[in-house]
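Q: Please find the sequence and the predicted model below.
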Amino acid sequence: MTAFQWSDGAPIYRQLKERVVAMMLDGVLKPGDALPSVRQVAAEYQLNPITVSRAYQELVDEALVEKRRGLGMYMTEGAAKKLLASERDRFLTEEWPLVLERIMRLGLSTEELLAPASIKAGAQ
């Protein structure tokens, strides 16, 4: 894991969990890969180990990670597929309606939305 800035908007354990989820979706962590140890993450980010354990436990509860006694935590085989499906569903039900509403309000056409940013910048 790399340097990360915590925000005040959500509990740190939830932000840590989302960071691990992003690593799974981005392919940084692959099925069967070990997650960094609780102690390692706690030391690296100067967190209480209980905070890290809570984030990891939520990942276990969602079957994205499995505990291997004496070995650590590992990404499960179906985690990426499960995450992608749930993130797509969340986007379509929560985020897309707001984006679509904004597009309609601004009167943007499909062509304008699909034009590369460099063309849009040159037209101004």
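A: Now that the structure is in, tell me what you want to look at.
Q: Can you pull the phi/psi pair for Gly27?
A: phi 80, psi 10 (degrees, to the nearest 10).
Q: list the contacts for Ala85?
A: Contact analysis of Ala85 by Cβ atoms under 8 Å, 6 or more residues apart in numbering lists nothing. C-beta: built from backbone N, CA, C; applies to glycine.
Q: That one: which element?
A: Element membership for Ala85, per DSSP states H and E: helix 79-90.
Q: Can you mark which positions in that helix are buried?
A: Ala79, Ala80, Leu83 (16 or more other Cβ atoms under 10 Å).
Q: Likewise for stretch 64-82?
A: Those would be Leu64, Val65, Gly72, Met73, Tyr74, Met75, Thr76, Ala79, Ala80, for stretch 64-82 by 16+ other Cβ under 10 Å.
Q: List the ones among these that fall in helices.
A: Among the buried residues of stretch 64-82, the residues falling in helices (DSSP state H) are Ala79, Ala80.
Q: Identify, from the buried residues of stretch 64-82, the entry nearest to Met23.
A: Among the buried residues of stretch 64-82, Met75 lies closest to Met23 (Cβ to Cβ), at 9.0 Å.
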